[in-house]
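**Q** Just to be clear, the model below is a prediction. Sequence and coordinates:
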Amino acid sequence: MSIGGLVQHGKAHIDFLFPGICVMSGIFVLMRGTIRHSLGIEWLDIDLIPIALIYLVGKDQRLKAGSLAFCVGILTDIITVCPLGLFAVAYSMITLGLNRCRQFLDFNKIKASAPLVAMCILAKWAFILVVLNLFTTGKFIPSTPFLPVLLSALITSLLAPPLFYFMDLGGGGRVSGASHHDIERYSW
């Protein structure tokens, strides 16, 4: 039987979700500035990486989430004008915090994961601004007002439920033939 036959009959459990999340995260990091500039929203920082990290931690894939956080952070550091390792450490610290929060929160419920996305965005910016204020001479410190960061966190947290749904459709869960539990997961 060929590989296509194995996949068709469901005997081979090949998971393409994590490589797909990695590719989409890399494309998002590379295209983030271009998309914001073409839409005319340079002041808004919509970040989809915490959504992917929360999804992976919620699916009990902590090692994959940590490696994705570090790799996407290094990629962000390479293409931006900031000290090398700043975003890598920021995303890694967010993932470490998510791993600790998983003991107390159910990441499979939207009521917990959507506000957590907003808190991750706010924590990322707080960490970056504190590190830049402490360890640089002033040439890398962005003048970021609080309202656009708060608005970015709100918009990103509103994007989380549909993206969680599409990631579940992509192979992370069984959304087809949704049960009452699945409908409860994607509703407020």
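**A** Cool, the structure landed. Numbering: from 1, shown residues only.
**Q** Could you pull up the residues touching Leu48?
**A** By Cβ atoms under 8 Å, 6 or more residues apart in numbering, the contact set of Leu48 is Ser25, Phe28, Thr156, Leu159, Leu163. All C-beta atoms are positioned from the backbone trio N, CA, C, and that covers glycine.
**Q** phi, psi of it?
**A** Dihedral angles phi and psi of Leu48 (degrees, to the nearest 10) take the values phi -90, psi -10.
**Q** shift numbering so it begins at 18
**A** New numbering, starting at 18: the last item is Leu65.
**Q** Buried residues in the helix ranked longest in the chain, which are they?
**A** Assignment by DSSP state H gives helix 127-152 as the longest helix of the chain. Neighbour counts over helix 127-152 (16 or more other Cβ atoms under 10 Å) mark 127, 129-131, 133-138, 140-142, 144-145, 148-149 as buried.
**Q** Specify the local secondary structure of Asp62.
**A** Here Asp62 is coil, with the state taken from DSSP: H, G, I helix; E, B strand; the rest coil.
**Q** what does Pro100 give?
**A** The three-state assignment at Pro100 reads coil, by three-state DSSP.
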